[in-house]
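[1] Provided below are the primary sequence and the corresponding predicted coordinates.
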Amino acid sequence: DVKVTQSSRYLVKRTGEKVFLECVQDMDHENMFWYRQDPGLGLRLIYFSYDVKMKEKGDIPEGYSVSREKKERFSLILESASTNQTSMYLCVTQGGDNEQFFGPGTRLTVL
Amino acid sequence: QKEVEQDPGPLSVPEGAIVSLNCTYSNSAFQYFMWYRQYSRKGPELLMYTYSSGNKEDGRFTAQVDKSSKYISLFIRDSQPSDSATYLCAMSPMEYGNKLVFGAGTILRVKS
């Protein structure tokens, strides 16, 4: 079974803080994604990566950056957290037949 | 217009009912179609996926794709209170590595 883990389930940060969200997968998948999920807006893609040290912007990359130094780890970085970044963040990996597997999510609150 | 439209609900049904969840899409390039189930405060889990028109069955769940109408459905037979969750449809073009486009999700409540 694919296992996708995220560093925190719940996180509370203050405006202006730098925030790191980490995701680790154990299935040797090349493709990894970061989404945020908000009520009424559904899932929106922030960034994705097809390989180590490779990244591409998704639909809403503003205010975020990512890091993929190792194949199994994909980090999402909020350089200076703002209240409108309060959301559920979901990490996803993609298998060879296009199936996507979700991590448990990190519920981030920015005060 | 969104690429994928999904009625957010909530959809409330009695236990044992047949549930029909639907999505429409506008991009004819979509070839892979998936349904995810998400319980409250959890990440979505893959329920079913298909890449062809027609029906695919798995236990109480049937996924149906009609590419000519750009319409997909998920049917749940003999619905149970444990089926209460948000159901998200998702789709992408055929190429590996293409990002999925998600519907907004439909909230389903099955009452005992």
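    Looks like it came in fine.
[2] Run through chain B and note the low-pLDDT ranges.
    B:94-98 (pLDDT under 70).
[3] Enumerate the helices of it by residue range, in sequence order.
    Assigned by DSSP state H, chain B shows no helices.
[4] Can you tell me which residues in it are near chain A?
    Proximity of chain B to chain A (C-beta under 8 Å from any C-beta of the partner chain) is limited to residues B:6, B:8, B:32, B:34, B:36, B:41-46, B:49, B:51, B:88, B:90, B:92, B:96-100, B:102-105. No exception for glycine: its C-beta is placed from N, CA and C like everyone else's.
[5] Confidence-wise, which helix or strand of chain A is lowest on average?
    Least confident helix or strand, chain A: strand A:100-102 with a mean of 83, by mean pLDDT, DSSP states H and E.
[6] Show me what from chain A comes close to chain B.
    Going by C-beta under 8 Å from any C-beta, the residues of chain A near chain B are A:30-31, A:33, A:40-43, A:45, A:48, A:50, A:58, A:90, A:94, A:96-105, A:107.
[7] Out of those residues, which end up buried?
    Buried members of the residues of chain A next to chain B, scored by 16 or more other C-beta atoms under 10 Å in any protein chain shown, are A:30-31, A:33, A:42-43, A:45, A:48, A:58, A:90, A:94, A:98, A:100-105, A:107.
[8] Apart from its neighbours in sequence, what residue is nearest residue B:12?
    Nearest residue to residue B:12, sequence neighbours excluded (C-beta to C-beta, 6 or more residues apart in numbering or on different chains): residue B:109, at 4.6 Å.
[9] Give me the number of neighbouring residues for that neighbour.
    By the criterion of other C-beta atoms under 10 Å in any protein chain shown, residue B:109 has 14 neighbours.
[10] residues in contact with it?
    Neighbouring residues of residue B:109 by C-beta atoms under 8 Å, 6 or more residues apart in numbering or on different chains: B:10, B:11, B:12, B:13, B:84.
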